[in-house]
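*Asks:* what's the 3D shape of this:
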Amino acid sequence: MSGARAVTTNQPDIYDKLEEVVRKYASTEYLRPIADHTRIAFAEVEKFVLNFYESAGNERDIAGHTAYKVILDSGCGTGESTLNIAIANPDVPVIGIDKSAARLTKAGAAPRNAFLVRAELLDFWRLALGKVKAGQWHIPYHALYYPNPWPKQSEAPRLVIVSMVGILR
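*Replies:* Below is the predicted model of the structure:
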């Protein structure tokens, strides 16, 4: 990708207590309320996904048994990675998610299957997990190219709650 910088960090390895944290949260439910702006953004994404498949003539069967494929690009920043993933996967909607509206405005022209949205990642993932569990979405690929690296050891438990426990269930 153009403009990408080399990744540097003082964190030499993955979170050293990752397995312990995953096991701890495997049997609990994350109860923080979902941010209103993320609920609104997720509703926009749902409309985008539905319109994408309807316009392609790929509506689900009458009983709703066929899940829509949706690719997620979490922490997409300016959306450059989202646009590249969308170009490589023209038959699947690609959703770029970032918490910064300012970064998202820097995205270039998007292919018809790309959609950028401002949302809190944990909240968005929880809503997406609901669609997966309901059999409405299938997520064949989830990009997380955050170069910082993230999570820091102090932040790992809150990320693990949803991504490691929820999505993998």
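*Asks:* Do a quick rundown of the helices in the chain.
*Replies:* Ranges of helices within the chain are 18-25, 36-55, 80-88, 101-104, 121-133, 156-160, based on DSSP state H.
*Asks:* what sits against Asn76?
*Replies:* Not Asn; residue 76 is Cys. 82, 96-98, 104, 116, 143, 145 (Cβ atoms under 8 Å, 6 or more residues apart in numbering). Where C-beta positions appear, they are placed from N, C-alpha and C, glycine not excepted.
*Asks:* Tell me where the model's unsure across the chain.
*Replies:* 1-12, 58-65, 146-169 (pLDDT under 70).
*Asks:* still on that earlier bit, need the contacts of Cys76 in a markdown table (columns: neighbour count and distance to Trp137).
*Replies:* What follows is these, written out as a markdown table (neighbours: other Cβ atoms under 10 Å; distance: Cβ to Cβ, whole Å):
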| residue | neighbour count | distance to Trp137 |
| --- | --- | --- |
| Thr82 | 31 | 17 |
| Gly96 | 28 | 16 |
| Ile97 | 27 | 14 |
| Asp98 | 23 | 20 |
| Leu104 | 19 | 22 |
| Leu116 | 22 | 18 |
| Ala143 | 17 | 16 |
| Tyr145 | 16 | 21 |
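*Asks:* Closest one of those to Pro33?
*Replies:* Using Cβ to Cβ, Ile97 is the member of the contacts of Cys76 that sits closest to Pro33, with 18.5 Å.
*Asks:* Next, the contact list for the closest one, please.
*Replies:* Residues in contact with Ile97 (Cβ under 8 Å, 6+ apart) are 72-76, 116-119, 121, 124.
*Asks:* Where neighbours are concerned, which of these has the most?
*Replies:* Ranked by neighbour count (other Cβ atoms under 10 Å), the contacts of Ile97 have Cys76 at the top, with 28 neighbours.
*Asks:* Phi, psi for that residue please.
*Replies:* Dihedral pair for Cys76: phi -70, psi -10, per degrees, to the nearest 10.
*Asks:* Okay, the closest residue to it other than its chain neighbours and Leu83: tell me how far apart.
*Replies:* Distance criterion Cβ to Cβ, 6 or more residues apart in numbering; nearest residue to Cys76, sequence neighbours excluded, is Gly96 at 3.6 Å. Plainly put, Gly96 is 8 Å away from Leu83 if you go by Cβ to Cβ, to the nearest Å.
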